[in-house]
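**Q** Have a look at this prediction, sequence included:
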Protein chains: 2
Amino acid sequence: MFIIGELINGMYANIGSAIKERNKKEIQNCALTQIACGADALDINCGPASGQPQVDMPWLVEAIQEVTDKPLCLDSSKPAVIEEGLKASRNKTIINSTTADAEKLEALIPLAKKYESKLIGITISSKGIPQNKDQRLELAAAIVDNCLKACFPVEDLYLDPIVLPVNVAQAQMRDILESIAEFKIISEPGPKTTLGLSNVSQGTHLRSLINRTFLTMAVAYGLDSAILDPKDRELIDTLITAELILDKNIYCDSYLEAYRKK
Amino acid sequence: MFIIGELINGMYANIGSAIKERNKKEIQNCALTQIACGADALDINCGPASGQPQVDMPWLVEAIQEVTDKPLCLDSSKPAVIEEGLKASRNKTIINSTTADAEKLEALIPLAKKYESKLIGITISSKGIPQNKDQRLELAAAIVDNCLKACFPVEDLYLDPIVLPVNVAQAQMRDILESIAEFKIISEPGPKTTLGLSNVSQGTHLRSLINRTFLTMAVAYGLDSAILDPKDRELIDTLITAELILDKNIYCDSYLEAYRKK
């Protein structure tokens, strides 16, 4: 499982202030803590309060790559902001994200190619959020099709079925899980899959329990990557155990420690 | 999820002594505690030390049905012991279990019909434990076939893919999970599925974590029932959450309490 740490996001008070005050140390500590907890990559989002994301994004990239060479997941709805992040990046990058809309695909696939970045494609469009598995698959196929036409390597595409909160879209959870398995066989070689985990428990009272239970199921359906809070120790313990059960890590009595050391 | 409590088993010291000393109170307390924790039925196994299981089994049945009318899951490798339990039962019963061997099927299917009992069929035979999904399916189909020929209702059959410990059979875990989904489409109407959960963590150091992670995956694959320790609160919390995610319980903020009250 490729873990993308979600905590460098301006919507969190500490990160929002650190961006405003140009407090590099706070950002770097958050980066290093997430890596110590198991993050393979770091999501970077300037947050809704940033008045100048095209400036904040490269500042964040530069601050973080002073302390790590882990891949950076440049998270913005604005292609111009993502491009500023790409320009500043020495580390590997992941663009987060394109939708299935032509306008987004035409802007972001060429950027991903130019900067040799991976690309997250969310199965959503300007028509709204898909309401079932078929609509998700249709949007996924459109994204894959655009990648193939543009000669962007599909192995570098991560499709996200768009996770909705269980308290508002309970009837869609099984479809979301089954979409993970379906996306992977759209093409050969197939795209990878990812998801923004914390959405599933948005607004609920038992966030960590719901997050780790949903993630376990998603792993069973073949999920390759997730954007999540690596500081949630029970979540990471559960994730390591789920992958152990599916024979992705070798069993030893102290497998949690062994995996963390690795 | 139909939860069968596993704790009335002579292999546990307290139950072993209670059987020997004819200590009804201890057995009844164990029954009531499991029910309070969410058990829908109670497994009853005299344990390996019982020198007279044909006498101990009906004694256990009588002791338990003094305090509950929950279904009793009569657990023995000896059909004669199961029959003594069936004779003594006023409550609904589940026979645990037949294998795919003709000798067992010929003894236990008629008993299940005569006593209107449900029947657990484990996909194992005198040739040994299946080594892959195809072997499991072959044994499952043989059990279903025998039920159909004997006019035993397949809806009352629970197929168990036989869970092996993750520390010795890690490569089989995915096959075991996929078998759950496969068993359910063997016939129309299909058999139900169950499993002895604790086996998955036998001999490991993190039993509860492994049990609840495996169970979550099994629920995602369609598991109908499990024999487990209902006193493991984190296990039951996880199970309730897994079923919530799959839209089997209605969401409310206090869904754990709401489900437990139900």
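**A** On my side now, so go ahead.

**Q** mind checking the SS state of A:Leu111?
**A** Following DSSP: H, G, I helix; E, B strand; the rest coil, A:Leu111 is assigned to helix.

**Q** That one: how many residues sit nearby?
**A** If you count neighbours by other CB atoms under 10 Å in any protein chain shown, A:Leu111 ends up with 19. The way it works is simple: take the backbone N, C-alpha and C, and place the C-beta from them, glycine included.

**Q** ok, now which ones touch it?
**A** By CB atoms under 8 Å, 6 or more residues apart in numbering or on different chains, the contact set of A:Leu111 is A:79, A:82-83, A:86, A:95, A:117.

**Q** Now flag whichever of those is closest to chain B.
**A** A:Ile95 (29.2 Å; CB to the nearest CB).

**Q** That closest one and A:Thr123, how far apart?
**A** 16 Å (CB to CB, to the nearest Å).

**Q** Same check on A:Leu148?
**A** Applying CB to CB, the value for A:Leu148 to A:Thr123 is 16 Å.

**Q** who's more crowded, these two?
**A** A:Thr123 (24 against 14).

**Q** so the more buried one makes contact with A:Pro161?
**A** Yes - A:Thr123 lies in contact with A:Pro161 (CB atoms under 8 Å); the separation is 5.7 Å.

**Q** where do the contact lists of these two overlap?
**A** Contact criterion CB under 8 Å, 6+ apart; residues shared by A:Thr123 and A:Pro161: A:136, A:140, A:179.

**Q** Tell me the predicted confidence for the first one.
**A** The reference is to A:Arg136. For A:Arg136, the pLDDT comes out at 97.

**Q** what does the stretch 51-200 of chain A put close to chain B?
**A** A:166-167, A:170-171, A:173-174, A:177, A:200 (CB under 8 Å from any CB of the partner chain).

**Q** how about a cut-off of 6 Å?
**A** Residues of the stretch 51-200 of chain A lying close to chain B (CB under 6 Å from any CB of the partner chain) are A:166-167, A:170-171, A:173-174.

**Q** coming back round to it: same list (the shared contacts of A:Thr123 and A:Pro161) but as TSV, adding secondary structure and distance to B:Glu6.
**A** Below are the shared contacts of A:Thr123 and A:Pro161 laid out as TSV (DSSP: H, G, I helix; E, B strand; the rest coil; distance: CB to CB, whole Å):
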residue	secondary structure	distance to B:Glu6
A:Arg136	helix	39
A:Ala140	helix	42
A:Ser179	helix	35
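
**Q** could the residues you listed go into a markdown table alongside neighbour count?
**A** What follows is the shared contacts of A:Thr123 and A:Pro161, written out as a markdown table (neighbours: other CB atoms under 10 Å in any protein chain shown):
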| residue | neighbour count |
| --- | --- |
| A:Arg136 | 27 |
| A:Ala140 | 26 |
| A:Ser179 | 28 |
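
**Q** tally of neighbours for A:Lys231?
**A** 17.

**Q** Which residues are in contact with A:Thr194?
**A** Going by CB atoms under 6 Å, 6 or more residues apart in numbering or on different chains, A:Thr194 touches A:120, A:158, A:160, A:225.

**Q** Could you export those residues as CSV, including secondary structure, neighbour count and pLDDT?
**A** Conversion of the contacts of A:Thr194 to CSV gives the following (DSSP: H, G, I helix; E, B strand; the rest coil; neighbours: other CB atoms under 10 Å in any protein chain shown; pLDDT from 0 to 100):
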residue, secondary structure, neighbour count, pLDDT
A:Ile120, strand, 28, 98
A:Tyr158, strand, 26, 98
A:Asp160, strand, 26, 98
A:Ser225, strand, 21, 98
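
**Q** Out of the residues of the stretch 51-200 of chain A next to chain B, flag the one nearest to B:Pro110.
**A** Checking those against B:Pro110 by CB to CB gives A:Arg174 as the nearest, at 38.9 Å.

**Q** quick check: longest strand of chain A.
**A** Assignment by DSSP state E gives strand A:2-9 as the longest strand of chain A.

**Q** Could I get the CA-only coordinates of that strand as CSV?
**A** C-alpha atoms of strand A:2-9 as CSV (Å, rounded to 0.1, in the frame of the first residue of the first chain):
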residue,chain,number,x,y,z
PHE,A,2,1.3,3.3,-1.1
ILE,A,3,0.4,5.7,1.8
ILE,A,4,0.0,9.4,1.1
GLY,A,5,0.0,11.4,4.3
GLU,A,6,-2.9,13.9,4.3
LEU,A,7,-1.8,16.3,7.1
ILE,A,8,-0.1,19.1,5.2
ASN,A,9,-3.3,20.8,4.3
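
**Q** what helix or strand does the nearest residue to A:Ala88 once chain neighbours are set aside sit in?
**A** Residue nearest to A:Ala88 in three dimensions, not counting chain neighbours: A:Pro58, with 3.6 Å by CB to CB, 6 or more residues apart in numbering or on different chains. Assigned by DSSP states H and E, A:Pro58 belongs to helix A:53-65.

**Q** Paired strands for the helix or strand just after that helix, with orientation please.
**A** The element immediately downstream of helix A:53-65 (helix or strand, assigned by DSSP H and E) is strand A:72-75. Strand A:72-75 pairs in its sheet with strand A:41-45 (parallel), strand A:93-98 (parallel), by DSSP bridges.

**Q** Tell me how far strand A:72-75 lies from the chain's centre.
**A** Once both centres are worked out by CA atoms, centre = their mean, to the nearest Å, strand A:72-75 turns out to sit 8 Å from its chain's centre.

**Q** what about the helix or strand just after that strand, distance to the chain center?
**A** Heading C-terminal from strand A:72-75, the first helix or strand you meet, by DSSP H and E, is helix A:79-88. Distance of helix A:79-88 from the chain centroid (CA atoms, centre = their mean) equals 17 Å.

**Q** Can you list the low-confidence ranges for the stretch 151-262 of chain A?
**A** Along the stretch 151-262 of chain A, the model assigns pLDDT under 70 to no residue.

**Q** for it, what spans make up the strands?
**A** A:157-160, A:192-193, A:225-228 (DSSP state E, counting those that start in this stretch).

**Q** Highest mean neighbour count out of those?
**A** Among the strands of the stretch 151-262 of chain A, strand A:157-160 has the highest mean neighbour count (mean count of other CB atoms under 10 Å in any protein chain shown), at a mean of 28.
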